[in-house]
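> All I have is the shape, not the residue letters:
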């Protein structure tokens with residue numbers, strides 16, 4: 001059962017994004033930077049919500065917490 005789950009998330013057979021099409025070096029770096037920015041934004045959202053919640057004890061996000 002564990003092997004089935006690990007095979008489900010195995011991406012070793014997938015080609016790298018840079019090999020799918022005619023990409024320049026700059027085009028590849030743009031995608032890497034944008035992907036990293038998106039990851040950082042998704043991590044920042046909950047951290048900012050916690051920060052604002054601690055700054056103000058009663059606020060607009062009360063039902064969320």
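Thanks, I have it. Given the structure is predicted, the values throughout are model-derived calculations rather than measurements.
> what about residue 49, neighbour count?
Per other C-beta atoms under 10 Å, the neighbour tally for residue 49 reads 13. Backbone N, C-alpha and C define where each C-beta goes, glycine included.
> should've said residue 7
Neighbours around residue 7, by other C-beta under 10 Å: 8.
> ok, now residue 55?
8.
> For the most centrally placed residue in the chain, give me the pLDDT.
Centroid check for the chain by C-alpha atoms, centre = their mean gives residue 39 as the closest residue, at 3.2 Å. We have a pLDDT of 96 for residue 39.
> now swap in residue 61 and tell me
As predicted, residue 61 sits at a pLDDT of 58.
> picking that back up, for the residue nearest to the centre of the chain, what are its contacts?
If a contact means C-beta atoms under 8 Å, 6 or more residues apart in numbering, then residue 39 has no contacts.
> measure it to residue 32 for me?
11 Å (C-beta to C-beta, to the nearest Å).
> for residue 14, same thing?
Residue 14 is 16 Å from residue 32, by C-beta to C-beta.
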